[in-house]
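Visitor: sequence first, then the predicted structure:
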Amino acid sequence: MPDRAVARDNTGAHDAPTGATEADATAGGARTAPPAVRVQGLWKRFGDQVAVSGIDLELPAGKFIGLVGPNGAGKTTTLSMVTGLLRPDMGKIEVAGHDVWTDPVAVKSRIGVLPEGLRLFERLSGRELLAYNGRLRGLPGDEVDKRAAQLLDVLDLAGSQNKLVVDYSTGMRKKIGLAAALLHNPEVLFLDEPFEGVDPVSAQTIRGVLERYTRSGATVIFSSHVMELVESLCDWVAVMAAGRIKAQGTLEQVRGDAPSLQNAFLELVGAGGRDAGDALDWLGGAR
Ligand SMILES: Nc1ncnc2c1ncn2[C@@H]1O[C@H](COP(=O)(O)OP(=O)(O)OP(=O)(O)O)[C@@H](O)[C@H]1O
């Protein structure tokens, strides 16, 4: 089947601000925000393994965006390169109109990142971690205190704010990492599997925080394997498989005629007809 990415690229030109460049918008009189992320010809190889295979990606500003793909598709590698954590072999990346590798300070001041395998300063308390992050970001002390207290409260961490991060659970680590990523009110927030290991109540809270944040015009880009979640949260989706972008566009465009994003996803990554478990004829048989 044809890549839906191709169909998407044809329609993207009419779908401002995604298809419009900053120059186009200025020429037309009205200035439109540049895309949250623009990636051209991005490659990354680890030894013989091509992790990201010359992808182009354009993610509009102000949207809730899901990056989905099977295990090993290249999502984390892509997000690491887009956020300046991993140097690409080739390709150009812009975030909010700034080049990630030639203008890193401009980019880093505009983004928040919750990376995979988040490493935190374990011997700080949650509260101290936020205070440290806020000062690193150049926020005044009283503003850091105010924002930290509000974030800890909203994320239900107020009762654990004086506990050392090393003693936090997986979900608590995700939440304190999210608070640290949000503290400076970034334009674009990158989250690698933000809901993994998070209980349903906390997931609902995180969801509420992120929905409020995107309503203010900010962009959330998150990777996930959970299609129901992506379908219910995102208005824009990019599907990756084997280091390539298989589709990108609005949720409706990517879903196409499929009954759900899950079905569209299985079709796009070529897993639609696979009958899992047929080869395991010994499993569950007579003992
Ligand atoms: N540091 C590394 N060294 C060697 N190979 C790597 C490295 N990082 C990633 N890879 C390989 O690159 C490919 C893409 O990995 P990546 O972690 O980006 O996928 P992913 O889509 O995030 O997967 P998952 O959903 O399982 O987290 C995989 O084949 C992986 O084994």
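Guide: Cool, got the structure.
Visitor: can you report how many residues lie near the nearest residue to residue 77 once chain neighbours are set aside?
Guide: Nearest residue to residue 77 in three dimensions, chain neighbours excluded: residue 51, at 4.3 Å (C-beta to C-beta, 6 or more residues apart in numbering). Backbone N, C-alpha and C define where each C-beta goes, glycine included. Residue 51 has 21 neighbours, counted by other C-beta atoms under 10 Å.
Visitor: shouldn't residue 51 be in contact with residue 69?
Guide: No. Using C-beta atoms under 8 Å, residue 51 is not in contact with residue 69, being 11.6 Å away.
Visitor: what is the subsequent helix or strand relative to the helix or strand harbouring residue 152?
Guide: Following DSSP states H and E, the helix or strand that holds residue 152 is helix 141-154. Counting by DSSP H and E, the next helix or strand C-terminal to helix 141-154 is helix 170-182.
Visitor: and the next element down the chain from that next one?
Guide: Next helix or strand after helix 170-182 toward the C-terminus (DSSP H and E): strand 188-192.
Visitor: let me know the helix or strand that the residue nearest to the spatial centre of the chain is in.
Guide: The centroid of the chain falls nearest to residue 222 when counting by C-alpha atoms, centre = their mean (2.2 Å). Residue 222 is part of strand 219-224 when elements are defined by DSSP H and E.
Visitor: repeat that for residue 57.
Guide: Going by DSSP H and E, residue 57 is part of strand 49-59.
Visitor: quick one: strands adjacent to the helix or strand just after that strand?
Guide: Counting by DSSP H and E, the next helix or strand C-terminal to strand 49-59 is strand 64-68. Paired strands of strand 64-68, with direction, are strand 219-224 (parallel), strand 236-241 (parallel) (DSSP bridges).
Visitor: in stretch 93-104, what's buried?
Guide: 93-98, 100 (16 or more other C-beta atoms under 10 Å).
Visitor: I misspoke; the intended subject was stretch 179-191.
Guide: The neighbour-count check on stretch 179-191 (16+ other C-beta under 10 Å) flags 179-184, 186-191 as buried.
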